[in-house]
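# the following comprises the amino acid sequence and a computationally predicted model.
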Amino acid sequence: MRWGERYRISIFGSSHGPEVGVEIEGVPEGRPIDVSEIQGELDRRRPIGRRLATKRQEEDRLVVDRGIVHGRSRGTFRAHVANEDVRREPYDRLRATPRPGHADYPARVRYGPEADLSGGGIFSGRMTVGLVIAGAIGRQLLRPLGMETVGFTRAIGPVEALVPEELSLAELRARAASNEVACPVPETAMAMEEAIAAARRDGDSVGGVVEVRIAGTPVGLGEPFFDSIESAIAHLAFSVPAVKGIEFGAGFSGARMRGSAHNDPFAWKDGRVVTLTNHAGGILGGLATGMPLVYRVAVKPTSSIARPQRTVDLERRVDTEIIVTGRHDPCIVPRAVVVLESVGAIALTDLALAGGFLR
């Protein structure tokens with residue numbers, strides 16, 4: 001499971017195996033790497049302290065196997081975290097009955113009945129640990145270029161936040177960090193929490209939308225067509241389990257606009273070219289315009305729910321019904337925020353190295 005041309009990442013492990021992690025090739029030599037910052041990003045992904053999250057309690061203590069010497073990058077990087085809170089029994093009981101919404105059925109056809117799908121196996125959201133590690137290093141490499149990233153929960157189910165456009169990235173980050181659902185609008189955050197709690201009470205789940213904004217992207221970063229900024233970020237975003245859609249800037253709402261409204265007029269401001277609106281999401285022709293990069297990602301409801309669901313018995317070849325037991329998030333959107341920030345950082349690091357913006 002590999003991605004990238006210059007910033008090349010390989011994720012490894014499985015949900016209930018000994019470990020999950022990432023190997024990274026292409027990190028420029030001698031760059032300062034703050035391991036505590038990587039740990040901080042992993043902590044944002046953990047469910048600990050979240051009333052409405054899974055009860056699986058993983059410490060996610062970062063172990064750097066190689067690639068950092070005296071606080072600086074050196075050669076191929078490898079790091080992992082251990083899987084400690086593992087329970088295979090609930091999944092063993094479902095071996096012949098694929099769970100709706102999960103990869104169980106096509107994975108068993110592809111890899112055979114003995115494939116280890118405990119906790120989702122290699123298809124689990126647990127695999128995003130490697131993306132968060134790689135994204136945390138990418139952020140540190142991009143920061144000298146003036147690039148900063150912040151993500152937040154834009155919607156949970158039907159509850160959508162109206163986020164003031166004038167808020168700075170620092171304000172968005174602080175506000176999103178002030179509540180359990182990572183929403184920068186406090187009153188909306190409370191409604192989102194209730195939507196998640198209601199789904200849990202019903203033995204059900206709920207999805208939502210994550211928005212990511214990246215400021216300081218150098219003008220011209222990116223490549224046309226197949227390696228456009230949109231292509232690179234979308235490729236990585238769709239590798240994240242539960243992601244079902246992505247849009248940039250005005251996105252799908254742009255399809256209902258006229259060109260006169262959608263086009264972003266250019267102007268001079270403080271000695272540099274800006275656009276007066278940002279319907280393009282900071283990207284034209286696959287290249288950065290210098291305006292904030294904006295993308296939103298649709299995350300489906302968690303597939304594991306505590307309600308009866310129809311499925312099939314692959315051994316007896318009959319229809320049947322199951323109830324999925326275990327420890328599951330009724331909504332994975334808040335924990336996905338840092339993951340979807342990370343995919344942007346990984347994509348832009350690869351493009352920055354390819355385009356000579358990073359050396």
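Here it is on my side, so go on. Numbers count the residues shown, from 1 in each chain.

# what is the top strand by length along the chain packed up against?
Using DSSP state E to define each element, the chain has its longest strand at strand 72-82. Judged by 3 or more C-beta pairs under 8 Å, 6 or more residues apart in numbering; DSSP states H and E, strand 72-82 is in contact with strand 19-25, strand 63-69, helix 128-142. For the C-beta atoms, the positions are set from N, CA and C on the backbone; glycine is no exception.

# strand partners of the second one, parallel vs antiparallel please.
What that stands for is strand 63-69. Strand 63-69 has its sheet partners listed here by DSSP bridges as strand 72-82 (antiparallel).

# hey, which helix or strand in this structure has the poorest pLDDT?
helix 89-92 (a mean of 65; mean pLDDT, DSSP states H and E).

# any idea of the angle the top helix by length along the chain forms with helix 128-142?
In the chain, assigned by DSSP state H, the helix with the most residues is helix 333-354. For helix 333-354 against helix 128-142, the angle by axes from the mean of the first three to the mean of the last three C-alpha atoms, to 10 degrees is 50 degrees.

# then helix 333-354 to PDB, C-alphas only?
Once non-C-alpha atoms are left out, helix 333-354 reads as follows in PDB (Å, rounded to 0.1, in the frame of the first residue of the first chain):
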ATOM      1  CA  VAL A 333     -16.100  12.600  11.600                       C
ATOM      2  CA  PRO A 334     -14.400  14.400  14.600                       C
ATOM      3  CA  ARG A 335     -11.500  11.900  14.600                       C
ATOM      4  CA  ALA A 336     -11.200  12.100  10.800                       C
ATOM      5  CA  VAL A 337     -10.300  15.800  10.900                       C
ATOM      6  CA  VAL A 338      -6.600  15.300  11.600                       C
ATOM      7  CA  VAL A 339      -6.500  12.500   9.100                       C
ATOM      8  CA  LEU A 340      -7.900  14.700   6.300                       C
ATOM      9  CA  GLU A 341      -5.600  17.500   7.200                       C
ATOM     10  CA  SER A 342      -2.800  15.000   6.900                       C
ATOM     11  CA  VAL A 343      -3.700  13.800   3.400                       C
ATOM     12  CA  GLY A 344      -3.400  17.500   2.200                       C
ATOM     13  CA  ALA A 345       0.000  17.800   3.900                       C
ATOM     14  CA  ILE A 346       1.200  14.600   2.300                       C
ATOM     15  CA  ALA A 347       0.000  15.500  -1.200                       C
ATOM     16  CA  LEU A 348       1.500  19.000  -1.000                       C
ATOM     17  CA  THR A 349       4.800  17.800   0.300                       C
ATOM     18  CA  ASP A 350       5.100  15.400  -2.700                       C
ATOM     19  CA  LEU A 351       4.200  18.200  -5.100                       C
ATOM     20  CA  ALA A 352       6.500  20.700  -3.500                       C
ATOM     21  CA  LEU A 353       9.400  18.300  -3.800                       C
ATOM     22  CA  ALA A 354       8.600  17.500  -7.400                       C
END
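
# quick check: mean pLDDT of that helix?
Averaged over helix 333-354, pLDDT sits at 97.

# list the buried residues for it?
Within helix 333-354, the residues scored as buried using 16 or more other C-beta atoms under 10 Å are 333-354.

# how far does it sit from its chain's centre?
In terms of C-alpha atoms, centre = their mean, to the nearest Å, the centre of helix 333-354 is found 7 Å from the chain centre.

# that one packs against which elements?
Applying 3+ C-beta pairs under 8 Å, 6+ apart, one finds that helix 333-354 makes contact with helix 35-45, helix 128-142, strand 148-156, strand 208-215, helix 229-237, strand 293-299.

# H80: which of those is closest?
For H80, the closest of the helices and strands packed on helix 333-354 is helix 128-142, at 8.2 Å, according to C-beta to C-beta.
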